[in-house]
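Q: compute the structure for the input listed below.
(one chain, ligands or ions: 1)
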Amino acid sequence: MSDQQIVVIGAGIIGLTTARVLQQAGHRVQIISAELPLNTTSVAAAAFWYPSDSEPKEDVLRWGLKTHQTFKELKEEGVAGITFERALEVHPDPTWHPWWLNVVANPRKADLAELPPPVAGGSGYWFDTLVIDTTVMLKWLMEQFSAAGGAFVQQKLNNITEIASQTEIIVNCSGVGARDLVGDSELYATRGQTLRIRRKPEHRAVWEMSTKPLVTHIIPREADTVIGGVFQEHNYSRVVDPLDTEGILQRCRNLQPTLGTLNESDILSVSVGLRPTRARLRLESEKLLSGSTVIHNYGHGSCGWSLSWGCAEAVREQVQGMLPL
Ligand SMILES: Cc1cc2nc3c(=O)[nH]c(=O)nc-3n(C[C@H](O)[C@H](O)[C@H](O)COP(=O)(O)OP(=O)(O)OC[C@H]3O[C@@H](n4cnc5c(N)ncnc54)[C@H](O)[C@@H]3O)c2cc1C
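A: Numbering: from 1, shown residues only. Have a look, this model is predicted:
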(Lines give C-alpha, C1' and ligand atoms only; values in the text may rest on other atoms or scores of the structure.)
Protein backbone atom coordinates (compact mmCIF):
# COMPACT_ATOMS: atom_id res chain seq x y z
CA MET A 1 0.00 0.00 0.00
CA SER A 2 1.22 3.52 -0.82
CA ASP A 3 2.07 5.85 2.10
CA GLN A 4 0.76 8.67 0.00
CA GLN A 5 -2.88 9.45 0.70
CA ILE A 6 -5.24 10.39 -2.11
CA VAL A 7 -7.77 13.10 -1.27
CA VAL A 8 -11.22 12.82 -2.85
CA ILE A 9 -13.36 15.96 -2.69
CA GLY A 10 -17.08 15.16 -2.43
CA ALA A 11 -19.25 12.50 -0.81
CA GLY A 12 -22.02 12.12 -3.38
CA ILE A 13 -22.31 8.99 -5.52
CA ILE A 14 -19.31 10.06 -7.63
CA GLY A 15 -16.98 10.76 -4.68
CA LEU A 16 -17.97 7.62 -2.75
CA THR A 17 -17.65 5.18 -5.66
CA THR A 18 -14.33 6.78 -6.66
CA ALA A 19 -13.03 6.51 -3.09
CA ARG A 20 -14.08 2.85 -2.88
CA VAL A 21 -12.49 1.87 -6.20
CA LEU A 22 -9.23 3.58 -5.17
CA GLN A 23 -9.29 1.78 -1.81
CA GLN A 24 -9.92 -1.53 -3.55
CA ALA A 25 -6.85 -0.82 -5.70
CA GLY A 26 -4.80 -0.52 -2.50
CA HIS A 27 -4.67 3.24 -1.96
CA ARG A 28 -5.17 5.15 1.29
CA VAL A 29 -8.02 7.60 0.75
CA GLN A 30 -9.38 10.61 2.58
CA ILE A 31 -12.68 12.26 1.64
CA ILE A 32 -13.16 15.98 2.21
CA SER A 33 -16.74 17.09 1.73
CA ALA A 34 -18.83 20.11 2.59
CA GLU A 35 -21.87 17.89 3.09
CA LEU A 36 -22.54 14.43 4.48
CA PRO A 37 -23.64 11.88 1.84
CA LEU A 38 -27.33 12.03 2.80
CA ASN A 39 -27.43 15.81 2.22
CA THR A 40 -26.05 15.74 -1.33
CA THR A 41 -27.79 15.95 -4.70
CA SER A 42 -27.13 12.23 -5.07
CA VAL A 43 -29.65 11.33 -2.38
CA ALA A 44 -32.40 13.30 -4.16
CA ALA A 45 -32.02 11.33 -7.42
CA ALA A 46 -34.64 8.97 -8.75
CA ALA A 47 -32.31 6.85 -9.35
CA PHE A 48 -32.47 4.32 -12.15
CA TRP A 49 -29.90 3.23 -14.70
CA TYR A 50 -30.33 5.07 -17.97
CA PRO A 51 -27.90 5.42 -20.91
CA SER A 52 -26.38 8.91 -20.98
CA ASP A 53 -25.89 10.78 -24.26
CA SER A 54 -23.38 13.14 -22.69
CA GLU A 55 -19.93 13.65 -24.28
CA PRO A 56 -17.39 12.05 -24.80
CA LYS A 57 -19.91 9.55 -26.24
CA GLU A 58 -17.87 6.37 -26.56
CA ASP A 59 -16.33 6.72 -23.11
CA VAL A 60 -19.67 7.59 -21.57
CA LEU A 61 -21.26 4.51 -23.07
CA ARG A 62 -18.46 2.29 -21.73
CA TRP A 63 -18.65 3.89 -18.27
CA GLY A 64 -22.43 3.39 -18.24
CA LEU A 65 -22.20 -0.31 -19.11
CA LYS A 66 -19.48 -0.84 -16.50
CA THR A 67 -21.70 0.82 -13.89
CA HIS A 68 -24.65 -1.38 -14.84
CA GLN A 69 -22.47 -4.46 -14.53
CA THR A 70 -21.09 -3.42 -11.12
CA PHE A 71 -24.52 -2.70 -9.60
CA LYS A 72 -25.73 -6.04 -10.99
CA GLU A 73 -22.80 -7.85 -9.34
CA LEU A 74 -23.43 -6.05 -6.04
CA LYS A 75 -27.08 -7.10 -6.21
CA GLU A 76 -26.01 -10.71 -6.83
CA GLU A 77 -23.67 -10.47 -3.81
CA GLY A 78 -26.69 -9.51 -1.68
CA VAL A 79 -26.07 -5.78 -1.27
CA ALA A 80 -29.36 -4.07 -0.36
CA GLY A 81 -31.08 -1.22 -2.17
CA ILE A 82 -30.76 -2.50 -5.76
CA THR A 83 -33.74 -3.87 -7.71
CA PHE A 84 -34.16 -5.08 -11.28
CA GLU A 85 -37.14 -3.45 -13.00
CA ARG A 86 -38.76 -3.08 -16.40
CA ALA A 87 -38.86 0.57 -17.50
CA LEU A 88 -41.22 2.27 -19.93
CA GLU A 89 -40.10 5.56 -21.44
CA VAL A 90 -42.87 7.38 -23.31
CA HIS A 91 -43.00 10.36 -25.63
CA PRO A 92 -45.91 12.28 -27.21
CA ASP A 93 -44.22 12.18 -30.64
CA PRO A 94 -45.26 8.98 -32.53
CA THR A 95 -42.01 9.09 -34.55
CA TRP A 96 -39.79 9.22 -31.43
CA HIS A 97 -37.07 6.62 -31.72
CA PRO A 98 -34.58 6.56 -28.81
CA TRP A 99 -30.90 6.46 -29.78
CA TRP A 100 -30.19 3.94 -27.05
CA LEU A 101 -32.24 0.99 -28.33
CA ASN A 102 -29.14 -1.07 -29.11
CA VAL A 103 -27.58 -0.26 -25.71
CA VAL A 104 -30.30 -1.37 -23.27
CA ALA A 105 -31.31 -4.94 -22.47
CA ASN A 106 -34.55 -6.42 -23.87
CA PRO A 107 -36.02 -3.34 -25.57
CA ARG A 108 -39.55 -3.57 -26.96
CA LYS A 109 -41.78 -0.98 -28.60
CA ALA A 110 -44.86 -0.45 -26.42
CA ASP A 111 -48.26 -1.31 -27.91
CA LEU A 112 -50.49 1.72 -28.42
CA ALA A 113 -52.85 0.31 -25.76
CA GLU A 114 -50.01 0.45 -23.21
CA LEU A 115 -49.49 4.20 -23.61
CA PRO A 116 -50.98 6.43 -20.88
CA PRO A 117 -53.41 9.31 -21.66
CA PRO A 118 -50.80 12.16 -21.84
CA VAL A 119 -49.03 10.37 -24.72
CA ALA A 120 -51.98 8.59 -26.37
CA GLY A 121 -51.06 8.14 -30.02
CA GLY A 122 -47.41 8.83 -29.15
CA SER A 123 -44.70 6.30 -28.65
CA GLY A 124 -42.93 4.32 -25.91
CA TYR A 125 -40.25 1.69 -25.39
CA TRP A 126 -39.77 -0.90 -22.67
CA PHE A 127 -36.31 -1.95 -21.48
CA ASP A 128 -34.60 -3.61 -18.49
CA THR A 129 -33.07 -1.36 -15.87
CA LEU A 130 -31.76 -1.25 -12.31
CA VAL A 131 -33.22 0.97 -9.60
CA ILE A 132 -31.08 2.11 -6.70
CA ASP A 133 -32.39 3.24 -3.32
CA THR A 134 -30.09 6.24 -2.93
CA THR A 135 -30.24 6.42 0.87
CA VAL A 136 -29.47 2.74 1.34
CA MET A 137 -26.64 2.78 -1.24
CA LEU A 138 -24.94 5.99 -0.02
CA LYS A 139 -25.04 4.71 3.59
CA TRP A 140 -23.62 1.35 2.51
CA LEU A 141 -20.80 2.97 0.51
CA MET A 142 -19.90 5.22 3.44
CA GLU A 143 -19.82 2.22 5.81
CA GLN A 144 -17.62 0.27 3.38
CA PHE A 145 -15.32 3.28 3.01
CA SER A 146 -14.92 3.69 6.81
CA ALA A 147 -14.52 -0.06 7.41
CA ALA A 148 -11.62 -0.08 4.92
CA GLY A 149 -9.86 2.63 6.96
CA GLY A 150 -11.02 5.67 4.98
CA ALA A 151 -10.87 9.05 6.70
CA PHE A 152 -13.70 11.57 6.34
CA VAL A 153 -13.37 15.33 6.97
CA GLN A 154 -16.40 17.60 6.74
CA GLN A 155 -15.11 20.88 5.33
CA LYS A 156 -16.07 23.27 2.56
CA LEU A 157 -13.07 24.23 0.43
CA ASN A 158 -12.95 27.64 -1.21
CA ASN A 159 -10.19 26.71 -3.62
CA ILE A 160 -8.64 23.40 -4.60
CA THR A 161 -5.15 24.77 -3.89
CA GLU A 162 -6.03 24.82 -0.15
CA ILE A 163 -5.20 21.12 0.04
CA ALA A 164 -2.46 20.98 -2.59
CA SER A 165 0.27 20.76 0.07
CA GLN A 166 -1.44 17.72 1.72
CA THR A 167 -1.23 15.29 -1.17
CA GLU A 168 0.15 14.61 -4.62
CA ILE A 169 -3.22 13.45 -5.95
CA ILE A 170 -6.59 15.12 -5.50
CA VAL A 171 -9.73 13.76 -7.14
CA ASN A 172 -12.35 16.43 -7.65
CA CYS A 173 -15.84 14.91 -7.34
CA SER A 174 -17.58 18.07 -6.18
CA GLY A 175 -20.59 17.96 -8.53
CA VAL A 176 -22.04 21.37 -9.22
CA GLY A 177 -19.73 22.74 -6.47
CA ALA A 178 -16.89 22.56 -9.04
CA ARG A 179 -18.31 25.69 -10.64
CA ASP A 180 -16.90 27.75 -7.74
CA LEU A 181 -14.20 25.37 -6.55
CA VAL A 182 -12.27 25.38 -9.83
CA GLY A 183 -14.04 28.29 -11.58
CA ASP A 184 -15.69 26.17 -14.29
CA SER A 185 -18.19 28.43 -16.07
CA GLU A 186 -19.25 25.62 -18.47
CA LEU A 187 -20.83 23.83 -15.52
CA TYR A 188 -24.27 24.82 -14.24
CA ALA A 189 -27.10 23.48 -12.08
CA THR A 190 -30.28 21.90 -13.38
CA ARG A 191 -32.65 21.80 -10.44
CA GLY A 192 -34.70 18.67 -9.75
CA GLN A 193 -37.31 17.85 -7.13
CA THR A 194 -38.50 14.38 -6.10
CA LEU A 195 -41.15 13.10 -3.70
CA ARG A 196 -40.79 9.90 -1.75
CA ILE A 197 -44.27 8.41 -1.42
CA ARG A 198 -45.79 5.37 0.24
CA ARG A 199 -45.09 2.31 -1.84
CA LYS A 200 -47.76 1.53 -4.41
CA PRO A 201 -47.77 -2.26 -4.82
CA GLU A 202 -50.00 -2.00 -7.90
CA HIS A 203 -47.28 -0.07 -9.67
CA ARG A 204 -44.40 -2.37 -10.62
CA ALA A 205 -42.35 -0.62 -13.30
CA VAL A 206 -40.32 2.52 -13.88
CA TRP A 207 -42.24 5.07 -15.93
CA GLU A 208 -40.53 8.07 -17.46
CA MET A 209 -41.60 10.92 -19.73
CA SER A 210 -38.69 13.21 -20.59
CA THR A 211 -40.44 16.16 -22.18
CA LYS A 212 -38.15 18.83 -20.72
CA PRO A 213 -38.42 21.09 -18.72
CA LEU A 214 -41.15 18.91 -17.18
CA VAL A 215 -39.76 15.42 -16.78
CA THR A 216 -42.13 12.98 -15.09
CA HIS A 217 -40.97 9.77 -13.51
CA ILE A 218 -42.38 7.08 -11.21
CA ILE A 219 -39.80 4.75 -9.70
CA PRO A 220 -40.86 1.87 -7.46
CA ARG A 221 -38.19 0.83 -4.93
CA GLU A 222 -38.01 -1.89 -2.27
CA ALA A 223 -39.60 0.15 0.50
CA ASP A 224 -41.23 3.16 -1.17
CA THR A 225 -41.78 4.88 -4.53
CA VAL A 226 -39.97 7.97 -5.81
CA ILE A 227 -41.82 10.32 -8.13
CA GLY A 228 -40.71 13.49 -9.88
CA GLY A 229 -39.68 15.72 -11.29
CA VAL A 230 -38.59 18.98 -12.79
CA PHE A 231 -35.66 19.91 -15.02
CA GLN A 232 -34.97 23.61 -14.35
CA GLU A 233 -31.75 24.72 -16.02
CA HIS A 234 -29.66 27.42 -14.29
CA ASN A 235 -31.83 27.23 -11.16
CA TYR A 236 -29.59 26.97 -8.05
CA SER A 237 -32.33 26.90 -5.39
CA ARG A 238 -32.22 23.94 -3.02
CA VAL A 239 -35.48 24.96 -1.37
CA VAL A 240 -38.56 22.75 -1.85
CA ASP A 241 -41.09 24.47 -4.11
CA PRO A 242 -44.72 23.60 -3.20
CA LEU A 243 -45.83 24.44 -6.75
CA ASP A 244 -43.39 21.84 -8.08
CA THR A 245 -44.78 19.32 -5.56
CA GLU A 246 -48.33 20.00 -6.76
CA GLY A 247 -47.28 19.72 -10.42
CA ILE A 248 -45.44 16.43 -9.83
CA LEU A 249 -48.47 14.85 -8.09
CA GLN A 250 -50.74 16.00 -10.91
CA ARG A 251 -48.47 14.80 -13.74
CA CYS A 252 -47.81 11.44 -12.10
CA ARG A 253 -51.56 10.87 -11.59
CA ASN A 254 -52.06 11.59 -15.30
CA LEU A 255 -49.13 9.47 -16.41
CA GLN A 256 -50.01 6.40 -14.40
CA PRO A 257 -53.72 5.75 -13.82
CA THR A 258 -53.01 3.23 -11.02
CA LEU A 259 -51.81 6.21 -8.94
CA GLY A 260 -55.23 7.88 -9.40
CA THR A 261 -55.82 8.58 -5.71
CA LEU A 262 -52.30 9.89 -5.11
CA ASN A 263 -52.31 13.04 -2.97
CA GLU A 264 -50.28 15.00 -0.40
CA SER A 265 -51.06 12.52 2.39
CA ASP A 266 -49.03 9.88 0.51
CA ILE A 267 -45.84 11.99 0.67
CA LEU A 268 -43.11 10.72 3.04
CA SER A 269 -40.49 13.36 2.16
CA VAL A 270 -39.52 15.86 -0.53
CA SER A 271 -35.96 16.40 -1.81
CA VAL A 272 -34.24 18.88 -4.09
CA GLY A 273 -31.03 18.22 -6.03
CA LEU A 274 -28.89 20.16 -8.47
CA ARG A 275 -27.82 18.08 -11.49
CA PRO A 276 -24.21 19.07 -12.35
CA THR A 277 -24.81 19.90 -16.01
CA ARG A 278 -22.09 20.30 -18.62
CA ALA A 279 -22.09 19.64 -22.38
CA ARG A 280 -19.07 17.42 -21.82
CA LEU A 281 -18.53 15.48 -18.60
CA ARG A 282 -15.12 16.41 -17.17
CA LEU A 283 -12.88 13.42 -16.45
CA GLU A 284 -9.28 14.54 -16.96
CA SER A 285 -6.07 15.35 -15.08
CA GLU A 286 -4.65 18.78 -14.44
CA LYS A 287 -1.25 19.65 -12.95
CA LEU A 288 -1.31 22.36 -10.25
CA LEU A 289 1.54 24.86 -9.79
CA SER A 290 2.33 23.12 -6.47
CA GLY A 291 3.16 19.96 -8.44
CA SER A 292 0.08 18.03 -7.26
CA THR A 293 -2.25 16.50 -9.82
CA VAL A 294 -6.02 16.99 -9.77
CA ILE A 295 -8.16 14.39 -11.51
CA HIS A 296 -11.51 16.00 -12.23
CA ASN A 297 -14.55 13.72 -12.15
CA TYR A 298 -17.68 15.90 -12.32
CA GLY A 299 -20.43 17.15 -14.63
CA HIS A 300 -22.51 13.93 -14.81
CA GLY A 301 -25.79 15.82 -15.30
CA SER A 302 -28.84 13.53 -15.14
CA CYS A 303 -26.78 10.33 -15.15
CA GLY A 304 -24.38 10.37 -12.20
CA TRP A 305 -25.78 7.15 -10.74
CA SER A 306 -25.66 5.48 -14.16
CA LEU A 307 -22.02 6.43 -14.78
CA SER A 308 -20.57 6.29 -11.26
CA TRP A 309 -18.62 2.99 -11.13
CA GLY A 310 -17.38 3.34 -14.71
CA CYS A 311 -16.01 6.83 -14.06
CA ALA A 312 -14.47 5.68 -10.78
CA GLU A 313 -12.65 2.96 -12.71
CA ALA A 314 -11.40 5.55 -15.23
CA VAL A 315 -9.98 7.59 -12.32
CA ARG A 316 -8.25 4.49 -10.99
CA GLU A 317 -6.63 3.95 -14.38
CA GLN A 318 -5.32 7.54 -14.34
CA VAL A 319 -3.94 7.13 -10.80
CA GLN A 320 -2.25 3.85 -11.74
CA GLY A 321 1.34 4.61 -12.48
CA MET A 322 1.30 7.96 -10.67
CA LEU A 323 1.66 6.35 -7.24
CA PRO A 324 3.59 3.19 -6.33
CA LEU A 325 1.45 0.63 -4.48
C1 LIG B 1 -34.27 14.84 -9.39
C2 LIG B 1 -33.07 14.10 -9.89
C3 LIG B 1 -33.25 12.84 -10.45
C4 LIG B 1 -32.12 12.14 -10.94
N5 LIG B 1 -32.31 10.89 -11.43
C6 LIG B 1 -31.23 10.17 -11.86
C7 LIG B 1 -31.40 8.85 -12.34
O8 LIG B 1 -32.50 8.31 -12.40
N9 LIG B 1 -30.29 8.18 -12.77
C10 LIG B 1 -29.04 8.75 -12.71
O11 LIG B 1 -28.06 8.10 -13.12
N12 LIG B 1 -28.85 10.00 -12.24
C13 LIG B 1 -29.92 10.73 -11.82
N14 LIG B 1 -29.75 12.01 -11.38
C15 LIG B 1 -28.42 12.64 -11.49
C16 LIG B 1 -27.51 12.31 -10.35
O17 LIG B 1 -28.21 12.44 -9.13
C18 LIG B 1 -26.30 13.24 -10.37
O19 LIG B 1 -25.66 13.17 -11.62
C20 LIG B 1 -25.31 12.81 -9.27
O21 LIG B 1 -25.97 12.80 -8.01
C22 LIG B 1 -24.08 13.71 -9.21
O23 LIG B 1 -23.30 13.19 -8.18
P24 LIG B 1 -22.04 13.95 -7.61
O25 LIG B 1 -21.44 13.06 -6.59
O26 LIG B 1 -21.21 14.43 -8.74
O27 LIG B 1 -22.63 15.28 -6.96
P28 LIG B 1 -23.30 15.57 -5.48
O29 LIG B 1 -24.18 14.46 -5.12
O30 LIG B 1 -23.85 16.92 -5.62
O31 LIG B 1 -22.05 15.54 -4.55
C32 LIG B 1 -21.09 16.58 -4.58
C33 LIG B 1 -20.25 16.50 -3.33
O34 LIG B 1 -19.23 17.48 -3.40
C35 LIG B 1 -19.20 18.24 -2.19
N36 LIG B 1 -18.69 19.58 -2.47
C37 LIG B 1 -19.14 20.45 -3.41
N38 LIG B 1 -18.42 21.59 -3.36
C39 LIG B 1 -17.50 21.42 -2.36
C40 LIG B 1 -16.47 22.26 -1.82
N41 LIG B 1 -16.28 23.49 -2.27
N42 LIG B 1 -15.72 21.77 -0.80
C43 LIG B 1 -15.93 20.51 -0.31
N44 LIG B 1 -16.90 19.69 -0.80
C45 LIG B 1 -17.67 20.15 -1.81
C46 LIG B 1 -20.65 18.22 -1.73
O47 LIG B 1 -20.76 18.55 -0.36
C48 LIG B 1 -21.03 16.79 -2.05
O49 LIG B 1 -20.58 15.93 -1.03
C50 LIG B 1 -30.83 12.73 -10.86
C51 LIG B 1 -30.68 13.98 -10.28
C52 LIG B 1 -31.78 14.65 -9.79
C53 LIG B 1 -31.56 15.98 -9.11
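Q: and the pLDDT for the closest residue to residue 62 other than its chain neighbours?
A: Sequence neighbours aside, residue 310 is the residue nearest to residue 62 in space, at 6.4 Å (criterion: C-beta to C-beta, 6 or more residues apart in numbering). The way it works is simple: take the backbone N, C-alpha and C, and place the C-beta from them, glycine included. pLDDT, residue 310: 98.
Q: isn't residue 310 right next to residue 64, touching?
A: Yes - judged on C-beta atoms under 8 Å, residue 310 makes contact with residue 64 at a distance of 6.2 Å.
Q: list the contacts of the residue in the stretch 101-250 of the chain that the ligand sits nearest to.
A: At 2.1 Å from the ligand, residue 177 is the closest residue in the stretch 101-250 of the chain, using C-beta to the nearest ligand atom. Contact analysis of residue 177 by C-beta atoms under 8 Å, 6 or more residues apart in numbering lists 10, 34.
Q: now it, what's its secondary structure?
A: Secondary structure assignment for residue 177 (DSSP: H, G, I helix; E, B strand; the rest coil): helix.
Q: quick one: the strands in the stretch 101-250 of the chain, in order.
A: Taking DSSP state E, counting those that start in this stretch to define them, one finds strands in the stretch 101-250 of the chain at 105-109, 123-132, 151-154, 169-172, 188-198, 206-211, 214-220, 224-228, 232-233.
Q: mind listing what the residue lying closest to residue 132 once chain neighbours are set aside touches?
A: Counting by C-beta to C-beta, 6+ apart, the nearest residue to residue 132 once its immediate chain neighbours are dropped is residue 47, at 4.9 Å. When the contact criterion is C-beta under 8 Å, 6+ apart, the partners of residue 47 are 13, 131-132, 134, 219, 305.
Q: any idea how far residue 47 is from the ligand?
A: With distances defined as C-beta to the nearest ligand atom, to the nearest Å, the gap from residue 47 to the ligand amounts to 4 Å.
Q: phi, psi of that residue?
A: Dihedral angles of residue 47 (phi, psi; degrees, to the nearest 10) stand at phi -120, psi 120.
Q: out of the contacts of residue 47, who's near the ligand?
A: Counting by C-beta under 6 Å from any ligand atom, 13, 305 from these sit close to the ligand.
Q: most neighbours among the contacts of residue 47, which one is it?
A: Using other C-beta atoms under 10 Å as the neighbour definition, those reach their maximum at residue 13, which records 32 neighbours.
Q: what about residue 269, distance to residue 43?
A: Relative to residue 43, residue 269 is positioned 10 Å away (C-beta to C-beta, to the nearest Å).
Q: same thing with residue 74?
A: Summarising the geometry, the distance separating residue 74 from residue 43, computed by C-beta to C-beta, is 18 Å.
Q: look at these two and report which has more neighbours.
A: Neighbour tally, residue 74 and residue 43, criterion other C-beta under 10 Å: the higher count belongs to residue 43, 21 against 18.
Q: and for the host helix or strand of that one, what's in contact with it?
A: Assigned by DSSP states H and E, residue 43 belongs to helix 41-44. In this structure, residues lying in contact with helix 41-44 by C-beta under 8 Å, 6+ apart are 12-14, 37, 134-135, 138, 175-176, 192-194, 271-276, 304-305.
Q: I'd like to know which elements the helix or strand that that helix is followed by is packed against.
A: The helix or strand immediately downstream of helix 41-44 is helix 57-76, counting by DSSP H and E. If contacts are counted by 3 or more C-beta pairs under 8 Å, 6 or more residues apart in numbering; DSSP states H and E, helix 57-76 sits against strand 82-91, strand 123-132, helix 304-319.
Q: so which of the ones you listed comes closest to residue 167?
A: Smallest distance to residue 167 across the helices and strands packed on helix 57-76 (C-beta to C-beta): 11.6 Å, for helix 304-319.
Q: who are the packing partners of that closest one?
A: In this structure, helix 304-319 makes packing contacts with helix 13-24, helix 41-44, helix 57-76, strand 169-172, strand 282-287, strand 293-298, judged by 3+ C-beta pairs under 8 Å, 6+ apart.
Q: kind regards, and thank you for your time.
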